[in-house]
Structure formats: structure tokens, C-alpha cells
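Visitor: Need coordinates for the below:
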Amino acid sequence: MSEVVEDQTTGVRAQPGAPASAPATAPVDTAVRDGATEPDRSGTILPRWLRWTLAGAAVLVALLLPFGLYPTVAVDIACWALFAVAVDLLLGYTGLMSFGHAAFWGTSAYATGLAAVAWGLPFPVAVLLGALAATVLAIPVGYLAVKRVGIYFAMVTLAFAQMVYYIANQWRSVTGGENGLQQVPRELFGLDLSDEFFYYYAALPMVAGGLFLVWRTVHSPFGRVLVAIRDNPARARALGYPVHRYKLAAFLLSAFTAGLGGGLFAVGHRFVSLDVLHWTTSGKAVIVVVLGGIGTLWGPVLGAAGVIRLEDWLSFAGFEQIGLVTGGVFVVAVLVFRRGLYGTVRHWLRRRT
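Guide: Model prediction:
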């Protein structure tokens, strides 16, 4: 009987003297070369005409959203869509679960509000400054956090977020403490944006720009390397990719995108409270991503729309235990739709086409 030898590094079994099997780096190389940027690799790619149809429908819905909902709710959906996509960039494409992204969302909200109040800047400039402030905060946080994985990464980000929350609560002379930052102006070169309807359309280009930035990133060679790192960081490192640097770059981009959403949220409500920094805000973003579909980009957008609309409907109906209902919906969705709502529909369409 011939002896079977198993390679301890690759797990490949072979007869002595048999031709060598594919190198251990082949799966990573294949992921980078083929652009496998999504966790769900089953089925085929959607037809081009169907993708363009869905994209056109998404643009049409975004343009008509304030006509079907309260403009304030439409603004919240747009801002939370940016926030959820930022979290999905880490969770779905880099494999990093962050429970501290409220720190970047809230830091940008406060920085945007302070810039708009103190300097009277147009709101797009103030939002960009807020996003840059969130990115600067993400540099030390990400540098320390990306050296950990799994639950340890999540706990490090949560700890930093709680530190930011405590600082904002104690620094009352700047943040207002529990009273928050009030009367945030909506200045845009003399235009009247006091009506949320007009503010939605003024903010929509920035939302679209943030979504396009993340979409272009995950469909670039950089995004393919992120997926390779997510699938097998050891093999990606063996190929010569600086894993920690790629993770840090993705972390900073995610913080910047979350900052865009936080700044627009602050200007939209004209008020910044400590809730934007609370740990439940980070948890809500994760729930939105899981509901829509991890690693899909469009899934978090739909998840944000569903969760914000559900909360608005429950609040309007006078129901106080909103978290109980959204938590129940989350549990049911996880049990029934293992890929999330959008991920399940996409998987079904792939099998049909």
C-alpha cells in the first residue's frame, strides 16, 4: 500500500513522487485576479441589462423619495445609507466587525456643527471638514485596532468609541454636554435650505459621491486585495501584500464615509446630541448591514431604508418599545434570510438567470 503524505500548510494529500499540486497562494491569486469581491460566489453574474435597470431604478427612487415620505425621513435614510455602507466596507469586504463606528459618525457630526456655527461655512464644506476630522481620529484608532482580529478588533473599536463619548459628555464648553449642539445652520451660498425638502436634494450629490467612492473602491484592484485579505490574510501576506496597511487604509476610508453621513445628519437635524456617539448607534449600523446583506453594498442601503421607515412608522403610531420590534425583525431576518434581504434576492436572481 502506497503511503499518502499530507502537506501541513496546505492540507493537500498526495502520493510520494506525484506532481506537485497548486501552490498555497492560488486561492488568493485567483480572488485578486478574478475580482471576487463578494462573499456570495455562487451562481453567475447578473446580466448587464438587469444591472443597468436596477441602477436606473435606484436613481429614480432616490430622486422621488421626498415625494413619498416626509423629507426628514428621506434625509435620515440617505445619511444612514452612507453610514451602513461604510460599516459594510469593513465587515463585508475586509472581514472586520466594528462596534465603534459611532465615534466617527458622531465626531464628524460635532465637527460639522461647530464649523458651521463658529465660521458660518457652507454646509458641504463643513461636512467635508467633519469627515476629515473623523478620518484623523481613525488614524490612531485604526493603527491599534487592525492589529487584532475577530472579537478583539470589535472590543478595541468599542472601547475607543466609549472614550470619545465620555470626552464629548464632559467637554460641555464645546459640545454642550447633555444639551447638545443646537441651531446648526444650513448655509449654502445664500440659498434658503430651511425646508428639509430642498436640503435633501442639496445633500443628495454628497451622498451619491460617498456611495460611488465605496463602490469604486471595492471594484478596484485595491478592493480585490481586501477580499483576499478577508479570505486568508496569511496567504495574502505570503504574496507580499502589507496586510495591516491595507486594513488601515480600508478603516480610514470607512471612517471618512461614515463621517460624511454623520455631518449630513447633523446639518439635516440642525442639532447634535450625545446619541450620535452612543454605542447603540454602532449596533444599529451593524443590524442594518446584516439585514440588507453583508458584502453587497446595495443591501445596507435597502436595510437603512427599511429600518428608518419602520422606526418612523412605529414612532408615529405611538409605540414606545421600538427597539423590541426592530430586534425581533432582525432575529427573524437572520433566521430566514441567511444572506440578508438583498443578498437573498440577488442569489435567487443569479440562479434564475
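
Visitor: need the helices for the stretch 151-300 of the chain, in chain order.
Guide: With DSSP state H, counting those that start in this stretch, the ranges of helices along the stretch 151-300 of the chain come out as 172-175, 196-218, 221-231, 233-238, 243-269, 279-292, 298-316.

Visitor: now the stretch 1-150 of the chain
Guide: Along the stretch 1-150 of the chain, the stretches classed as helices by DSSP H, counting those that start in this stretch are 26-34, 48-68, 71-91, 102-119, 123-145, 150-170.

Visitor: re the thing from before, which of the helices of the stretch 151-300 of the chain sits closest to residue 50?
Guide: Proximity to residue 50 (Cβ to Cβ) singles out helix 298-316 among the helices of the stretch 151-300 of the chain, at 13.0 Å. For the C-beta atoms, the positions are set from N, CA and C on the backbone; glycine is no exception.

Visitor: got the angle between the closest one and helix 196-218?
Guide: With axes from the mean of the first three to the mean of the last three Cα atoms, to 10 degrees applied, the angle from helix 298-316 to helix 196-218 works out at 150 degrees.

Visitor: And the contacts of helix 298-316?
Guide: Counting by Cβ atoms under 8 Å, 6 or more residues apart in numbering, helix 298-316 makes contact with 54, 58, 69-70, 73, 76-77, 80-81, 83-85, 87-88, 211, 284, 287-293, 322, 325-326, 329, 340-343, all of which sit outside it.

Visitor: And the contacts of the following helix or strand past that helix?
Guide: Using DSSP states H and E, the helix or strand that follows helix 298-316 in sequence is helix 322-336. With contact meaning Cβ under 8 Å, 6+ apart, helix 322-336 is reached by 287, 290, 291, 307, 310, 311, 314, 315, 319, 340, 341.

Visitor: In CSV: the residues you listed, plus neighbour count.
Guide: Compiled in CSV, those are given as follows (neighbours: other Cβ atoms under 10 Å):
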residue, neighbour count
287, 20
290, 24
291, 25
307, 23
310, 14
311, 18
314, 17
315, 11
319, 12
340, 27
341, 19
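
Visitor: Quick one, which of those has the minimum pLDDT?
Guide: When the contacts of helix 322-336 are sorted by pLDDT, the bottom entry is residue 319 at 78.

Visitor: Identify the residues contacting that residue.
Guide: With contacts defined as Cβ under 8 Å, 6+ apart, the neighbours of residue 319 are residue 325.

Visitor: Just put the helices of the stretch 1-150 of the chain in a markdown table and tack on mean pLDDT.
Guide: Supplementary listing: the helices of the stretch 1-150 of the chain in a markdown table, determined by pLDDT from 0 to 100:
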| stretch | mean pLDDT |
| --- | --- |
| helix 26-34 | 39 |
| helix 48-68 | 86 |
| helix 71-91 | 95 |
| helix 102-119 | 94 |
| helix 123-145 | 95 |
| helix 150-170 | 94 |
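
Visitor: possible to save those helices as TSV with distance to residue 262?
Guide: Conversion of the helices of the stretch 1-150 of the chain to TSV gives the following (distance: least, Cβ to Cβ, whole Å):
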stretch	distance to residue 262
helix 26-34	32
helix 48-68	20
helix 71-91	7
helix 102-119	4
helix 123-145	7
helix 150-170	12
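
Visitor: ok, now how distant is the closest residue to residue 83 other than its chain neighbours from residue 296?
Guide: Closest residue to residue 83 apart from its sequence neighbours, by Cβ to Cβ, 6 or more residues apart in numbering: residue 261 at 4.2 Å. Residue 261 sits 18 Å away from residue 296, taking Cβ to Cβ, to the nearest Å as the criterion.

Visitor: who has more neighbours, these two?
Guide: Residue environment comparison for residue 261 versus residue 296 gives the larger neighbour count to residue 261, 31 against 25, counting by other Cβ atoms under 10 Å.
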